[in-house]
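> build the 3D model from these lines:
(4 chains)
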Number of protein chains: 2
Amino acid sequence: MAGRTGRVTATDVAKEAGVSQTTVSYVLNDVPHQKISEQTRRKVLDAVAKLGYKPSAAARALRLGRSDLVLMFLPDVPVGGTITALVEMLGDELERHGLNLVTRREHHAPLKSLWRELMPAAVMTAFEVSDEDVASMRAAGIHVVSAGMGPDAAPGVLTIPQTVIGAMQVERLADTGHVRIGYAAPGDPRLRDFLALRLEGARTACAERGLEPPVLLDVPLDIAAAAAAAEQWHSADPAVTGVCAYNDETAFALLAGMRRVGLSAPGDLAVIGVDNDKLAPFAMPPLTTIDNNLDVVVGRAARMIVGGVAGRALPSSPQVTPVSLVVRESA
Amino acid sequence: MAGRTGRVTATDVAKEAGVSQTTVSYVLNDVPHQKISEQTRRKVLDAVAKLGYKPSAAARALRLGRSDLVLMFLPDVPVGGTITALVEMLGDELERHGLNLVTRREHHAPLKSLWRELMPAAVMTAFEVSDEDVASMRAAGIHVVSAGMGPDAAPGVLTIPQTVIGAMQVERLADTGHVRIGYAAPGDPRLRDFLALRLEGARTACAERGLEPPVLLDVPLDIAAAAAAAEQWHSADPAVTGVCAYNDETAFALLAGMRRVGLSAPGDLAVIGVDNDKLAPFAMPPLTTIDNNLDVVVGRAARMIVGGVAGRALPSSPQVTPVSLVVRESA
DNA sequence: CACCCTCACTGTTACGATTCAGTGACGCAC
DNA sequence: GTGCGTCACTGAATCGTAACAGTGAGGGTG
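Here you go, the predicted model:
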């Protein structure tokens, strides 16, 4: 049955079923304009089951010129948090459609080298990629789905509107009576791009409400440093009474720093995070935050990727994900 | 230069360099017993650079009978937390050696079907796999690295000793004067296997110290439920004064529940977690926990995988990862 | 009964890499 | 000057699948 390599091939199945290897391929791929009798189809399927045949992904990829891999390029941000969850969810979803997700950090491999090697069915980028790169990938028959973070909702681009996040934070604080707003930036410089957009959203929202622009301070993941920032906001004149944190991590650090210097939320300083971290409900006090609805993003991304691979065109309508406010007690 | 497919092949490089395609392959793979003159080598390398040639992973995989993919089977535990970080780190590490990590949940695809399709260079399993499966993978030339969680340190198996974690938690509590110990189990039934081992470790440690076995209560990720559990421990007779939490998440929930009913840590109830979550220092009070040193695990796993693929034998010595106590304030 | 279709298949090639088995050219020994 | 051994390459087979280009059998038409 199997050759000396031990692998069961389509030829083995053909022999077992008493048909040609071509027929096996036609049956398994449900080739549109090929008529296969029910009887033959059954024989082939039985042989497949009996021998436990699994087509070789490598041979298929070589023949088709593209693999069943989906390549995801990630921005070079610290591990953990939102992106990791996104990867996890997307991987699960693609798996259901027979695709395999492989992730890659932006800085490690220059885009170009990798996609030429792997010939992925699709590429998903979670950061800005040059139009030139996108064009050459598209030319090679690869479906490219981009996740933008800006406010620009280009057709076929999946957008998580970072500016809206910042704006929504400010609005919550303004709605609860705060007029002097602070912004807690993460220490990590790799988050610069995200920070810039969220901050811009916050600034714009302040302007729209007739408030001063937010007072920006770094809040690294360190209690002492966070405490210093808290004091600085609290003792400013006029005092900052509400702070937008870059994310929940930063918010946790800030809350811890506040405790260190005897400040409490939301009384002395209201704090609102971003991400709706699993631990957010257990913060002291429970953390009010912005949920970026990753499940929606993942669902859409998966649909665009799977659809694209199946030959359907990308949606031309903007794909902006809604973000939502989760009110708890800290703001 | 390139065929009608647009792809630059080794044949294109050969033509450009004025040598045979075989020679190109020899140069690029540094084939041991083939003598290639420096001049020819240079010509080939120049042509490669000029054309931007990248070997096709699919063709290589077909020929070699194995791809550059590393397949990782994960237990079906909730997303987030330790395992996700491990995947992230391992992916980065393998990438440095030209390998691509693909993850798969235990429940989705039965092991067998996937490895036959992908012909991975190695398979890493983070849970128990039947010896039969391992044997057939090994027979197919795939390197299998298993991460066990039990106390058994089989040769070639990477072990994160879950029992030691539970024991270490108890020891910390006992060392700080606690004699009546509680154990906070997570609500999620999918964590059952891990729970059983950690709990067993805790039980054994209690016995060795001459303490009663730990009082087990469920602490789901819900403040009210956690509060109830906290009161139950606190009002027991004799009272439980120190609790081992299944992980940091559970510990956060417990601490939040305790606040709800006016109990504080470590005074009324000392709490010790597991995982050394990024947010652990910012808990109220800062969370004492067990660090399972994932970086060490990842380093070893990567070394075993890369070594195995390169043909080196697996280390025969036990590969038990040290876990360590991180003392903060909650216990 | 010659012609053309459709049906239900089969023979063969191509995808792009690795690698076994040569093959001239050259040097050296006897 | 024949024999032998390196050296530095090249030709061709091979991996397993997809799909193009047939092919014989059977049926309907004029």
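> where does the stretch 101-250 of chain A dip in pLDDT?
Across the stretch 101-250 of chain A, the ranges flagged by pLDDT under 70 are A:107-112, A:128, A:150-156.
> SS state for the residue of it found nearest DNA strand D?
Taking CB to the nearest atom of the strand, DNA strand D has its nearest neighbour within the stretch 101-250 of chain A at residue A:141, 12.2 Å off. For every residue, glycine as well, the C-beta is placed using N, CA and C. Classification of residue A:141 by DSSP: H, G, I helix; E, B strand; the rest coil places it in coil.
> residues from the stretch 151-300 of chain A in reach of chain B?
Contact residues, the stretch 151-300 of chain A versus chain B (CB under 8 Å from any CB of the partner chain): A:221, A:223, A:249, A:252-253, A:255-256, A:259, A:277-279, A:281-284, A:286.
> nearest to DNA strand D, of these?
Nearest to DNA strand D among those, with distances taken as CB to the nearest atom of the strand, is residue A:278, at 41.3 Å.
> for burial, what's the neighbour tally of that closest one?
19 (other CB atoms under 10 Å in any protein chain shown).
> residue A:179 - how many residues pack around it?
15.
> same check on residue A:190?
14.
> helices of chain A, start to end?
A:10-17, A:21-29, A:38-51, A:57-64, A:82-95, A:111-118, A:131-139, A:162-175, A:192-208, A:223-234, A:248-260, A:294-309 (DSSP state H).
> between those helices, which gets nearest to residue B:17?
helix A:111-118 (19.0 Å; CB to CB).
> if we can go back for a sec, right, so the helices of chain A: which one is the most enclosed?
Of all the helices of chain A, helix A:248-260 has the most neighbours on average by mean count of other CB atoms under 10 Å in any protein chain shown, namely a mean of 26.
> ok, the residue nearest the centre of chain A to residue A:226 distance?
Chain A has residue A:86 as the residue nearest its centroid, 4.3 Å off, counting by CA atoms, centre = their mean. Relative to residue A:226, residue A:86 is positioned 27 Å away (CB to CB, to the nearest Å).
> if we can go back for a sec, quick one, what contacts the residue of the stretch 101-250 of chain A closest to DNA strand D?
A:65, A:66 (CB atoms under 8 Å, 6 or more residues apart in numbering or on different chains).
> now residue A:321
A:158, A:159, A:160, A:161, A:292, A:293, A:296, A:297, A:300.
> from residue A:293, how far off is it?
6 Å.
> likewise residue A:228?
Taken as CB to CB, the span from residue A:228 to residue A:293 is 34 Å.
> and if you look at residue A:167?
16 Å.
> then residue A:264?
In terms of CB to CB, residue A:264 sits 30 Å off from residue A:293.
> returning to what we had before: how about the helices of chain A in a markdown table, adding distance to residue B:183?
Below are those laid out as a markdown table (distance: least, CB to CB, whole Å):
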| stretch | distance to residue B:183 |
| --- | --- |
| helix A:10-17 | 53 |
| helix A:21-29 | 52 |
| helix A:38-51 | 47 |
| helix A:57-64 | 45 |
| helix A:82-95 | 28 |
| helix A:111-118 | 46 |
| helix A:131-139 | 52 |
| helix A:162-175 | 39 |
| helix A:192-208 | 40 |
| helix A:223-234 | 29 |
| helix A:248-260 | 26 |
| helix A:294-309 | 32 |
